[in-house]
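Novice: Here's a sequence, model it:
(2 chains)
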There are 2 protein chains.
Amino acid sequence: MVFMSDTRTNAGVDNISTFRKMRIWEQPGQRSITLMSAGNLATTQAVVSLLEERAKEVAERDPGILNCESMFQVATMVGETLREVIQNNSQNGQRAESTFHATLLVGGQVGDGQMRLFLIYPEGNFIEASDDTPFFQIGETKYGRPIILRAYDPAMSFEDAIKLLLVSFDSTIKANLSVSPPLDVHVYEKDSRKTGKVFRIDTENAYFREISEGWGVALREAFASLPNFDFEKSLTRPEASFRHKDSES
Amino acid sequence: MVFMSDTRTNAGVDNISTFRKMRIWEQPGQRSITLMSAGNLATTQAVVSLLEERAKEVAERDPGILNCESMFQVATMVGETLREVIQNNSQNGQRAESTFHATLLVGGQVGDGQMRLFLIYPEGNFIEASDDTPFFQIGETKYGRPIILRAYDPAMSFEDAIKLLLVSFDSTIKANLSVSPPLDVHVYEKDSRKTGKVFRIDTENAYFREISEGWGVALREAFASLPNFDFEKSLTRPEASFRHKDSES
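Specialist: Just a heads-up that it's a prediction; the model follows:
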């Protein structure tokens, strides 16, 4: 399982900051749980803080992320925490309910259970990735989606998955100010039940620059390799209703 | 100038229809004006109907699209009509103001004036394309934007521009149910002051199918041509604050 998140947050284009959007909880040999967030930063930070406080207090572990017996329980608890935070903010006389919204991805493995990945909605309910839909995106998803749809292959290596995610992020970063490096990555190996490779890729990263520049060139070459359009073959008779022709001129 | 629009409209996924989103007004030798719309269908149809009624009535031509003396006047008048329609709907006791919104593109050439392209906002104001930003998108713009940003070249031929727009639309169509062929195209030749090549591309169009299938293959090849990721080169030491490690386990 490969997780990747950017670090750009903004409250308007004149107020941008860098915040990590990925958090990992682990008990080596027992569990590794990764949480990524998109949406209101105050909301997602409150959710993470609540989860971390509860994970630290042994006495209060009952609802803690390190005490859940399955990924399903983890997703349920994270979803409830998210809904609580959003409701608390919204009930305090605030009108702008939608601005408190956030969406989360939580994935990993607990004990003897399967590796699982959930997308959690602001309402606290969630859906799970499956063979049919083996990946999730949250936040500014649209720019980077076509290349994932086109190039994703369930059999691809971790290295290729990282390459694909970098290409996808790069397309988004080029088109939208609300997404920006550095990018955080966690590669979790199935059944390892411990945190895998964790690293950060920033704009100075030689490989990311190679991908970003190389992808522009490769795309233009791919485009050039497609057959050219020919007017003769595609022209059809314009329909009368399509245009308004001034009868007097 | 190349215009391309899809024809999918929806009021929920269980209520989809096909409507033309492109209208052309012309007086051969004097003017050709193309209007494309995105957003609420009732709003954009009302705008087009108002513009067409006014264009037909000679006595009422004063505010008519065929009587404007410049593209700037056309954009101003279309913007005012759009704002009127939205305001009328919103003032009739309707709350869901945003659902009446629509955005328009209007481009063409009038008399001795330059060829110009405007993007008109629901508020009725508008911006104009320029050398720095020579193209506009409206509606479901994000999926198809990266390839335009990467492959657009001001010097490209009409044929290449159509090819690029087809690739861009294809990425959107593959990712989003709210955009669908057939696609309407109008290629306006600068200083011709008459409607140029007008045609429709549907899913059965051999060239569109070639592009759609070829683009998937070309993208995967482009992706494979990029250098592979190497963990050794990119791994950095995980930061302590990044993960919560259970000290007791």
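
Novice: Format the CA atom coordinates belonging to the helix or strand hosting residue A:198 as PDB.
Specialist: Under the criterion of DSSP states H and E, residue A:198 resides in strand A:197-201. C-alpha atoms of strand A:197-201 as PDB (Å, rounded to 0.1, in the frame of the first residue of the first chain):
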ATOM      1  CA  LYS A 197       9.600   3.200   4.100                       C
ATOM      2  CA  VAL A 198       8.800   6.800   5.100                       C
ATOM      3  CA  PHE A 199      10.300   9.700   3.300                       C
ATOM      4  CA  ARG A 200       9.600  13.200   2.000                       C
ATOM      5  CA  ILE A 201      10.100  14.500  -1.600                       C
END
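
Novice: Within its sheet, name the partner strands of that strand and how each one runs.
Specialist: Here strand A:197-201 has these sheet partners by DSSP bridges: strand A:183-187 (antiparallel).

Novice: residues of the strand it pairs with that come out buried?
Specialist: Neighbour-count burial for strand A:183-187 flags A:183, A:184, A:185, A:186, A:187 (criterion: 16 or more other Cβ atoms under 10 Å in any protein chain shown). C-beta: built from backbone N, CA, C; applies to glycine.

Novice: Would you mind listing the outside residues contacting that strand?
Specialist: When contacts are defined by Cβ atoms under 8 Å, 6 or more residues apart in numbering or on different chains, strand A:183-187 is touched by residues A:1-7, A:20-22, A:24, A:34, A:158, A:162, A:165-166, A:169, A:195-202, A:208, B:242.

Novice: Could you do stretch A:201-213 as well?
Specialist: Taking Cβ under 8 Å, 6+ apart as the rule, stretch A:201-213 contacts A:163, A:166-167, A:170, A:181-183, A:185, B:226-227, B:229-230, B:233-234.

Novice: What is the nearest of these to residue B:101?
Specialist: The shortest gap between residue B:101 and any of these belongs to residue A:170, at 31.5 Å (Cβ to Cβ).

Novice: name the helices or strands packed onto the helix or strand that contains the closest one?
Specialist: For residue A:170, the host element (DSSP H and E) is helix A:158-175. Under the contact definition 3 or more Cβ pairs under 8 Å, 6 or more residues apart in numbering or on different chains; DSSP states H and E, helix A:158-175 sits against strand A:2-5, helix A:145-151, strand A:183-187, helix A:206-225, helix B:145-151, helix B:206-225.

Novice: how far out from the middle of the chain is it?
Specialist: Distance, stretch centre to chain centre, for helix A:158-175: 12 Å (Cα atoms, centre = their mean, to the nearest Å).

Novice: Show the average pLDDT along that helix.
Specialist: Computed over helix A:158-175, the mean pLDDT rounds to 95.

Novice: Restrict it to CA atoms and write it as PDB.
Specialist: C-alpha atoms of helix A:158-175 as PDB (Å, rounded to 0.1, in the frame of the first residue of the first chain):
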ATOM      1  CA  PHE A 158       6.000  -0.100  -5.400                       C
ATOM      2  CA  GLU A 159       8.500   1.900  -7.400                       C
ATOM      3  CA  ASP A 160       6.100   2.200 -10.300                       C
ATOM      4  CA  ALA A 161       3.300   3.200  -8.000                       C
ATOM      5  CA  ILE A 162       5.400   6.000  -6.600                       C
ATOM      6  CA  LYS A 163       6.300   7.100 -10.100                       C
ATOM      7  CA  LEU A 164       2.700   7.100 -11.000                       C
ATOM      8  CA  LEU A 165       1.700   9.100  -7.900                       C
ATOM      9  CA  LEU A 166       4.400  11.600  -8.600                       C
ATOM     10  CA  VAL A 167       3.200  12.100 -12.200                       C
ATOM     11  CA  SER A 168      -0.300  12.500 -10.900                       C
ATOM     12  CA  PHE A 169       0.700  15.000  -8.200                       C
ATOM     13  CA  ASP A 170       2.800  16.900 -10.700                       C
ATOM     14  CA  SER A 171      -0.100  17.500 -13.000                       C
ATOM     15  CA  THR A 172      -2.100  18.800 -10.100                       C
ATOM     16  CA  ILE A 173       0.700  21.000  -8.800                       C
ATOM     17  CA  LYS A 174       1.200  22.500 -12.300                       C
ATOM     18  CA  ALA A 175      -2.600  23.400 -12.500                       C
END
